[in-house]
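# Sequence first, predicted coordinates after that:
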Amino acid sequence: MRIDIVTLFPELCGSFLNASILGRAAKKGLFEAHCHQIRDYTTNKQRQTDDYPYGGGCGMVLYAQPIADCLRAVTAQCEAQGRGKPHVVFLTAAGAPYNEQKARELAGYEAVTLVCGHYEGIDERVIEAFADEEISIGDYVLTGGELASLVVADSVLRLQPGVLAEEKGYQEESYWDGLIEYPQYTRPEVWEGRAIPPVLLTGDHQKIDAWRAQQSKARTRARRPDLYETWCETHPLTVPKWKRGENARLIKTEEQLDAAAAIYHAAWQQMTADTTTQEYRDAHTVAVMREELVNDRKNGWALYLHTTAGRPDGLVGVLHKTGEVGRLYVAPAAQGQGIGAKLLDFARKKLPEQEHPHLLVLNVNKPARALYIRMGWRPAGVQRYFTGPECTVQPVYEELFQF
Ligand code: ADE
């Protein structure tokens, strides 16, 4: 691959590309990088590259002509090497957002030319005439496109075969699989009183891989719910096997109802902790929650209590007349063991007569939304908004999900 950077600061860009991993890779001939001085293509005596904007306003605007002539020269060089016309990218704050997917796409071209703007901007006509695309590296404004072009060059060149020590390297990393990276540690084993996670010393690679995958997922879910949701859509969850001693039984006795109310209360308090007032949560006592379940049953809901080795730890309900699944709660102490996934699957299978069972979930309940998406349920519209004084964040709304 060949990358060309068209800039007013070729030395700055060149010093970055010649350093460290990329510098070594370029010396090995794994790619070619060239930086071009826009000023060298000026035609005026003063070698001026910019001028005042038509229509007034502050700052200076880069001339179209030197950029155009520089791009023509780069194209001629690429063609002389038998590469064909390079893919031309202008780096501007107004471009399309950059991400790893775009990096992989650019890495597939034989030649990419990155054009750096400076000052207030670039004469739009040269962008119209030459740009295959405009890219922004984030929602902030830089003084010029140099750092942006280096970000793009770095993320594209590291994908070239042989640039990273281990080919496998980049496949495992952040975003490759749509998740952010698991935490890494090196020597010493204990640093300033902080020990590394013990699993990393077991030498059991299956266990280590499982731990890393779990860390990646948990971090992505907490830090980048947007990425996590996309990941969930493409990584369906297989329902964990029911263990021996695990059951879901229709609630019939008062004792079962008491146990369900306790689970419902604890899980509901946890779910609403970040988004409702303390006063509102305090009003939802175990007795209040129990009353809700009693009313559910009067309204036709079949409620099931999940137990593990005789201990109640989960709850789910189905309403046959409408095909709704609801009241899916797992006791806080039993979460993270797949009980939610099992109960959701169980409830759906209790509704074989329904082509598309549905359920309602709060938009702020990210773990539940993620589970539903991984289990093949999809958002199907907003049901109703909550705007009462009990809400400490906005917006809060109920979303309809369909299987
Ligand atoms: N030039 C100025 N700001 C920029 C940004 N955020 N991305 C790309 N180029 C830029």
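Ah, there it is. Values in this document were obtained by computation on a predicted structure and should not be read as measured data. Residues are numbered from 1 along each chain as shown.
# Quick check: residue 195 touching residue 188?
No: look at residue 195 against residue 188 with C-beta atoms under 8 Å: they stay out of range, at 9.6 Å. Just so you know, the C-beta spots here come from the backbone N, C-alpha and C atoms, and that holds for glycine as well.
# Which SSE is immediately downstream of the helix or strand of the chain with the lowest mean pLDDT?
Sorted by mean pLDDT, DSSP states H and E, the helices and strands of the chain end with helix 167-172, the least confident at a mean of 58. Using DSSP states H and E, the next helix or strand after helix 167-172 towards the C-terminus is strand 190-191.
# How about the contacts made by residue 373?
Taking C-beta atoms under 8 Å, 6 or more residues apart in numbering, we find residue 373 in contact with 229, 232, 233.
# What residue spans form the domains of this protein?
2-168, 190-234, 246-402 (automatic domain parsing).
# Would you convert the ones you listed into CSV that also reports distance to residue 181?
Shown next, in CSV, are the domains of the chain (distance: least, C-beta to C-beta, whole Å):
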stretch, distance to residue 181
domain 2-168, 12
domain 190-234, 6
domain 246-402, 19
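# I'd like those domains written out as a markdown table, with distance to the ligand added.
Shown next, in a markdown table, are these (distance: least, C-beta to the nearest ligand atom, whole Å):
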| stretch | distance to the ligand |
| --- | --- |
| domain 2-168 | 3 |
| domain 190-234 | 19 |
| domain 246-402 | 28 |
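# out of those domains, nearest to residue 240?
Across the domains of the chain, residue 240 has its closest neighbour in domain 246-402 (3.7 Å, C-beta to C-beta).
# what's the neighbour count on residue 183?
11 (other C-beta atoms under 10 Å).
# How about it: what's its closest non-neighbour residue?
Spatial nearest neighbour of residue 183, excluding adjacent residues (C-beta to C-beta, 6 or more residues apart in numbering): residue 215 at 6.2 Å.
# element containing that neighbour?
In the assignment (DSSP H and E), residue 215 maps to helix 205-223.
# residues of the helix or strand just after that helix that come out buried?
As assigned by DSSP H and E, the chain's next helix or strand after helix 205-223 is helix 225-234. Buried residues in helix 225-234, counting neighbours by 16 or more other C-beta atoms under 10 Å, are found at 227, 228, 229, 231, 232.
# Return the residues in contact with the fourth one.
To tie it back to what came earlier, the one meant is residue 231. Contacts of residue 231 (C-beta under 8 Å, 6+ apart): 177, 178, 179, 217, 220.
# can you tell me how far the second one sits from the ligand?
To the ligand, residue 178 is 23 Å away according to C-beta to the nearest ligand atom, to the nearest Å.
# Quick one: list the elements packing against the helix or strand where residue 288 lies.
Using DSSP H and E, residue 288 sits in helix 286-298. Contact analysis of helix 286-298 by 3 or more C-beta pairs under 8 Å, 6 or more residues apart in numbering; DSSP states H and E lists helix 254-272, strand 302-308, strand 324-330 as its packing neighbours.
# Need the winner for burial among the ones you listed.
strand 324-330 (a mean of 23; mean count of other C-beta atoms under 10 Å).
# what's that strand packed up against?
helix 254-272, helix 286-298, strand 311-319, helix 339-349, strand 358-362.
# quick one on the thing from earlier: looking at the buried residues of helix 225-234, spot the one nearest residue 208.
Out of the buried residues of helix 225-234, the member with the shortest distance to residue 208 (by C-beta to C-beta) is residue 231, at 20.9 Å.
# Next one, pLDDT for the closest one please.
For residue 231, the pLDDT comes out at 92.
# Remind me which helix or strand residue 48 belongs to.
Applying DSSP H and E, one finds residue 48 in no helix or strand.
# Next, the contact list for the residue nearest the centre of the chain, please.
Nearest residue to the geometric centre of the chain (C-alpha atoms, centre = their mean): residue 227, 1.9 Å. With contact taken as C-beta under 8 Å, 6+ apart, residue 227 is in contact with 175, 178, 179, 180, 220.
# So which of the residues you listed wins on neighbours?
residue 220 leads those on contacts (other C-beta under 10 Å) with 25 neighbours.
# And it, how far from residue 273?
22 Å (C-beta to C-beta, to the nearest Å).
# which helices and strands does the longest strand along the chain pack with?
The residue-count maximum for a strand in the chain (DSSP state E) belongs to strand 87-97. When contacts are defined as 3+ C-beta pairs under 8 Å, 6+ apart, strand 87-97 sits against helix 100-107, strand 111-116, strand 121-122, helix 124-130, strand 133-136, helix 146-157.
# which one of those has the most crowded surroundings?
strand 111-116 (a mean of 26).
# List the strands paired with it, with their directions.
Here strand 111-116 has these sheet partners by DSSP bridges: strand 2-7 (parallel), strand 87-97 (parallel).
# what about those strands, which gets the closest to residue 339?
strand 87-97 (38.2 Å).
# related to what we said a few turns ago, ok, the residue nearest to residue 183 touching residue 180?
No: in this structure, residue 215 is not within contact of residue 180 by C-beta under 8 Å, at 9.6 Å.
# Make sure I have this right: residue 249 is in a strand.
Yes: according to DSSP: H, G, I helix; E, B strand; the rest coil, residue 249 belongs to a strand.
# What is the burial count for residue 13?
The burial count for residue 13: 24, using other C-beta under 10 Å.
# helix or strand for it, which one?
Going by DSSP H and E, residue 13 is part of helix 10-17.
# list the buried ones in whichever helix or strand comes after that helix?
Per DSSP H and E, the first helix or strand lying C-terminal to helix 10-17 is helix 20-27. Neighbour counts over helix 20-27 (16+ other C-beta under 10 Å) mark 22, 25, 26 as buried.
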